[in-house]
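In: Attaching a predicted model along with its sequence, questions to come.
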2 protein chains.
Amino acid sequence: MKTGIFYGPGDIRVETRPDPTIQEPTDVVVKVTYSCICGSDLWAWRAINKRETGGPVGHEFMGIVEAVGDTVTKFKVGDLVIAPFSISDGTCPECRNGMTSACRHGSNWGRDDNDGGQASMVRVPMAEGTLTAVPDHDKLNEQVMRALLPLSDVLCTGHHVAVSAEVGPGKTVAVIGDGAVGLCAVAASKRLGATKIILISTHPDRAEIGQQFGATDIVDARGDDAVKQIKALTDDAGVDAMLECVGTDESWETSFAMTRAGGIIGFVGAPHAKDPSLMRMFRANIGIRGGVAPAGAYIPELLPDVLSGKLDVSPIFTLTIPLDDLAEGYQAMDERRAIKTLIKL
Amino acid sequence: MKTGIFYGPGDIRVETRPDPTIQEPTDVVVKVTYSCICGSDLWAWRAINKRETGGPVGHEFMGIVEAVGDTVTKFKVGDLVIAPFSISDGTCPECRNGMTSACRHGSNWGRDDNDGGQASMVRVPMAEGTLTAVPDHDKLNEQVMRALLPLSDVLCTGHHVAVSAEVGPGKTVAVIGDGAVGLCAVAASKRLGATKIILISTHPDRAEIGQQFGATDIVDARGDDAVKQIKALTDDAGVDAMLECVGTDESWETSFAMTRAGGIIGFVGAPHAKDPSLMRMFRANIGIRGGVAPAGAYIPELLPDVLSGKLDVSPIFTLTIPLDDLAEGYQAMDERRAIKTLIKL
């Protein structure tokens, strides 16, 4: 087979290697029909990320099943399969929770002795947990094949950033990053029913694709100017859903400024930002949400349950005092003699 | 009237001041019947937060309407009203989005010439946007009054942390912080239908209230030991929803370790943690969620729309090459000549 090999920044060569074979009964061997290059592949190419030399590259591909391991029943020789950019068993708690990218037995293409995806053939470990077959593929033309390939990464990533930010009917969305992921985030937002989809793009060719994918507004600006335009488009409030598809400190800054109070930032750009929590959140897809409770909005909602006696948290008041004893009420809480002090007038 | 006044850390005095009167046509004057002390009131008491002396204290109260401004129609003299801990107009975009605590015209008790809530009387600005009336209050006994008061802050805050972390039927929840907010978070999680509610508490008296409020499990441990116990209770995966009711670096560390991949951390403890993004998220209730897309889980979901032609993002492939030209494909993306390179085998 032929496979791309990383020899250093700016140096990737296509070499001939022995064809892959079934090694585990859960393996499948795929003859690749389409592959592509990811923005993240460029990190090592550009020497932004350090990478050892000599290993195979690429993690987005589709192809025809050439051989199946003994325990594989989900696929047969001749099937067209799409590979996602991570290898997963499909059965662990993470996979059952839909978090295949955090599979506890998972791995990645081009690591741990796995083949790379920019190759003519690939051995796929844990094939049943990893691959999806395309039904009736022999009837599909090349245009459909080109539309299927982005499912291996960039379309799912664009979908993920939109889902993470709870994009849905009626929502106002802004997308920062007009690369392939950002453009797919526009398409995914449209599919999910967003009402207003604002793409921040200073490149007319990319903005045009964005409009073709469903962007309702283009903001051709950066930084503060872009924030001002987004505010003007959103009643001076900011967007419901901010889709962060860049990952720099600057884009995070802009994203916060563009998001309305109570809104949510979805992010899929592997963060190169300084914030240590972000990388931790990124790896495990752990979200963070909260802040000052909008008590005024919640009181009418909770009031009926309190009045009916279904919701009674008054046992937290372990001390009751008259107003004149206010200082003692503070003191008791400070010394943890009281969980919470009630003042009865 | 009588009102608590802050004279410095550990020094709060109750003084007599002139009764408040209607100053704006949107005002209401309330005769306080119940008030209470918040954990956050202790920050200035303990000198953790710096605060100027001479100002009124308290922000959680309920009481009877004594006087109403000319434009107030929602309330009448004699109504029982509950005040949330923030003042809001109820009409701005933030309030319409349910984010009353981020009201662009809002204010706080004891600031900007507003009265404090630990007082016998309070002038309430923007009363119609701020207060909620309790229907048929003359029939309510003291136990119900005690159950109503937490709506002013701590119960709504407990509800908010649960809502923020998407607590609902079938969810597994852990609560860190066994103070009044944490205990209310337990009650709110039960009300929202959580299946398993784990309270981390090393204080038997608080754990007992937690169980009364709906905690199904108590983890009587801290740090790594607590994480181990949570993992043991959750198939070694962590919880779906982590409710952070402390706000220290240590509790954040523990919270991350206890949350499953794809889970979410709700937080309401005003963060004293080092992370600068958290304070920004806290003030405006901006959530962050995302990470490595679980493409393997999404492919089957998106595949039908791609096959039907409804979802075609192939225009992102602005360059198509044979595998042998792989390096040129990288180069073209590096130089931004291509948005994304497709490799056709």
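Out: Received it, and whenever you're ready, just let me know what you need.

In: Against which helices or strands is the helix or strand of chain A at the bottom of the mean pLDDT ranking packed?
Out: Sorting the helices and strands of chain A by mean pLDDT, DSSP states H and E puts helix A:276-284 at the bottom, at a mean of 76. Using 3 or more C-beta pairs under 8 Å, 6 or more residues apart in numbering or on different chains; DSSP states H and E as the contact test, the elements touching helix A:276-284 are strand A:287-290, helix B:249-258, strand B:259-267, helix B:276-284, strand B:287-290. Quick note: C-beta positions are derived from backbone N, CA and C, even for glycine.

In: any idea how far that helix is from the chain center?
Out: Centre-to-centre, helix A:276-284 and its host chain are 12 Å apart (C-alpha atoms, centre = their mean, to the nearest Å).

In: And for stretch A:191-207?
Out: On C-alpha atoms, centre = their mean, the centre of stretch A:191-207 falls 18 Å from that of its chain.

In: tell me which residues in that stretch are buried?
Out: Neighbour-count burial for stretch A:191-207, with 16 or more other C-beta atoms under 10 Å in any protein chain shown as criterion, is recorded at A:191-192, A:194, A:196-201, A:206-207.

In: now the end-to-end length of it.
Out: 18 Å (C-alpha to C-alpha, to the nearest Å).

In: just stretch A:120-127 next, same as before
Out: OK, stretch A:120-127 end separation, C-alpha to C-alpha: 18 Å.

In: where's residue A:319, which helix or strand?
Out: Using DSSP states H and E, residue A:319 sits in strand A:317-321.

In: helices and strands around that strand, which ones?
Out: helix A:326-334, strand A:340-344.

In: Low-confidence ranges, chain A, go.
Out: A:270-276 (pLDDT under 70).

In: Can you pull the domain assignment for it?
Out: A:2-152, A:154-284, A:296-343 (automatic domain parsing).

In: Deepest in the core, which of these is it.
Out: domain A:154-284 (a mean of 22; mean count of other C-beta atoms under 10 Å in any protein chain shown).

In: mind giving me TSV with the domains of chain A and columns for distance to residue B:47?
Out: Converted to TSV, the domains of chain A look like this (distance: least, C-beta to C-beta, whole Å):
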stretch	distance to residue B:47
domain A:2-152	43
domain A:154-284	28
domain A:296-343	11
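
In: now the helices and strands packed on strand A:317-321 as a markdown table including distance to chain B?
Out: Below are these laid out as a markdown table (distance: least, C-beta to the nearest C-beta, whole Å):
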| stretch | distance to chain B |
| --- | --- |
| helix A:326-334 | 5 |
| strand A:340-344 | 4 |
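
In: Just put those in TSV and tack on distance to residue B:179.
Out: Shown next, in TSV, are the helices and strands packed on strand A:317-321 (distance: least, C-beta to C-beta, whole Å):
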stretch	distance to residue B:179
helix A:326-334	9
strand A:340-344	8
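
In: related to what we said a few turns ago, give me the contact list for the least confident helix or strand of chain A.
Out: Here helix A:276-284 makes contact (C-beta atoms under 8 Å, 6 or more residues apart in numbering or on different chains) with A:99, A:102, A:252, A:267, A:270-271, A:286-288, B:252, B:256, B:259-263, B:275, B:277-278, B:288-292.

In: okay, the angle between that helix and helix B:249-258?
Out: 10 degrees (axes from the mean of the first three to the mean of the last three C-alpha atoms, to 10 degrees).

In: Keep the buried residues of stretch A:191-207, but drop any that are not near chain B.
Out: The subset of the buried residues of stretch A:191-207 within reach of chain B, by C-beta under 8 Å from any C-beta of the partner chain, is A:191, A:206.

In: follow-up on the earlier one: now for the helices and strands packed on helix A:276-284, which one comes closest to residue A:318?
Out: Set against residue A:318 and scored by C-beta to C-beta, the helices and strands packed on helix A:276-284 come closest in helix B:249-258, at 22.5 Å.

In: Can I get that closest one in PDB, CA atoms only?
Out: Taking Å, rounded to 0.1, in the frame of the first residue of the first chain, the C-alpha atoms of helix B:249-258 are listed here in PDB:
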ATOM      1  CA  ASP B 249      -9.600  25.800  43.200                       C
ATOM      2  CA  GLU B 250      -9.800  22.600  45.200                       C
ATOM      3  CA  SER B 251     -13.500  22.000  44.600                       C
ATOM      4  CA  TRP B 252     -13.100  22.800  40.900                       C
ATOM      5  CA  GLU B 253     -10.300  20.200  40.700                       C
ATOM      6  CA  THR B 254     -12.500  17.600  42.400                       C
ATOM      7  CA  SER B 255     -15.500  18.600  40.300                       C
ATOM      8  CA  PHE B 256     -13.600  18.000  37.000                       C
ATOM      9  CA  ALA B 257     -12.400  14.600  38.300                       C
ATOM     10  CA  MET B 258     -16.000  13.500  39.200                       C
END
